[in-house]
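> no letters, just coordinates:
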Ligand code: NAD
Ligand code: TYD
């Protein structure tokens, strides 16, 4: 069984590749990644010698390269993570989001159709549903209309519609997963949780957008991996599955939890200008996936404690990331 994982040098794809290589020694796992600023292969040192792990450096939007790779390897399954993933970057530079997230997905769908893959899992996001208000009894379900607000979520929603169209028009066996915000090991330190941990550890101010009352629904990345594994093997063809563990927190609660766990002062918090078009609240109803047999293993409390400890134990990894190109980006973005 040949499985192509796109974006396997990134945060979630990287955790998924390691999970699959260990869990399924009988599968050949191909990690295809362009190694953009968000891609990093050092995380795979422990699996790179394994006979069932393979790496291919390529751009998912490069039709010729992708077509010839699919012809050569005859993938059985595709699990598609590769994307531009940061909302703030999509606000300042939306073009690359259209190129990678929409065009790149179409190139993969076409190649998958040509060789007749048995399953194409498209890893999407709850952000395609837009935003909820602060009523805690409302949730995104698989039937919630798609109403993306940022260039990032609009590009992901567009790719979701292409995946749906390849199923409806050509009968390609697909699933779309829409997960809430992830956190955990190897999270790139431009996103709220790893940014807060790394900045608190470096005694730097933590920028909180607006009043910090926006709500996100947090899921540990390993719980996301088990959900995708289940959908890959058991998901009904053509279906969408929402993924989330009912862990809603305001941004301020998240930042304060990290600061107090690390025994530091809340004086590190700096309220900064709000993000343009900042979605108020995300919250997932995961009933459909639970009915398929999925259950998360982490609460927010156990997951955040494990994650903070991981960042304490792996300072060398995130320090090599927050220098160079990223440092310039951060200074331009926040000037705090
Ligand atoms: P990430 O930014 O950490 O990783 C993205 C990876 O894709 C990187 O390794 C990058 O090098 C690669 N990539 C980018 N452009 C490419 C291209 N043109 N060709 C090949 N590879 C390319 O992202 P992530 O947070 O791991 O997210 C992975 C997927 O999960 C995305 O599709 C995202 O929309 C989705 N998702 C993320 C979250 C979250 O909280 N991070 C939640 C739900 C869904
Ligand atoms: P982020 O990690 O960028 O994920 P997303 O925008 O995909 O939800 O942001 C999570 C929340 O944290 C979001 O409401 C924006 C907010 N935020 C801050 O307040 N400060 C920051 O420095 C960042 C990166 C995000």
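Right, received. Where do you want to start? Owing to the predicted nature of the structure, the values given are computational and were not obtained by experimental measurement. Residues are numbered from 1 along each chain as shown. Ligands and ions are numbered 1, 2, ... in the order given.
> phi, psi of the residue nearest to residue 198 when sequence neighbours are not counted?
Leaving out its chain neighbours, the residue that sits closest to residue 198 by C-beta to C-beta, 6 or more residues apart in numbering is residue 189, at 4.6 Å. For every residue, glycine as well, the C-beta is placed using N, CA and C. Note on residue 189: backbone dihedrals following degrees, to the nearest 10 are phi -80, psi 30.
> those residues of this protein touching ligand 2, which are they?
Neighbours of ligand 2 within the chain, by C-beta under 6 Å from any ligand atom: 87, 181, 191-192, 195, 207-209, 214, 216, 251, 275.
> same thing but at 8 Å, please
85-88, 125, 127, 150, 152, 181, 190-193, 195-196, 206-210, 212, 214-216, 251, 254-255, 272, 275, 278-279, 282, 334 (C-beta under 8 Å from any ligand atom).
> in this structure, where is pLDDT below threshold?
324-336 (pLDDT under 70).
> which helix in the protein runs the most residues?
Assignment by DSSP state H gives helix 151-170 as the longest helix of the chain.
> which other helices and strands contact the helix or strand that comes right after that helix?
Remark: after helix 151-170, the chain's next helix or strand is strand 174-179, criterion DSSP states H and E. Other helices and strands packing on strand 174-179, by 3 or more C-beta pairs under 8 Å, 6 or more residues apart in numbering; DSSP states H and E, are strand 119-125, helix 151-170, helix 221-234, strand 240-243.
> number of residues surrounding the residue nearest to residue 198?
20 (other C-beta atoms under 10 Å).
> with residue 249 instead?
17.
> spell out the secondary structure type for it.
Following DSSP: H, G, I helix; E, B strand; the rest coil, residue 249 is assigned to strand.
> with adjacent residues omitted, what lies nearest to the residue of the chain found nearest ligand 1?
Using C-beta to the nearest ligand atom, the single residue of the chain nearest to ligand 1 is residue 10, 2.1 Å away. Residue nearest to residue 10 in three dimensions, not counting chain neighbours: residue 38, with 5.2 Å by C-beta to C-beta, 6+ apart.
> go on, residue 298?
Distance criterion C-beta to C-beta, 6+ apart; nearest residue to residue 298, sequence neighbours excluded, is residue 220 at 3.9 Å.
> perfect, I'm done here.
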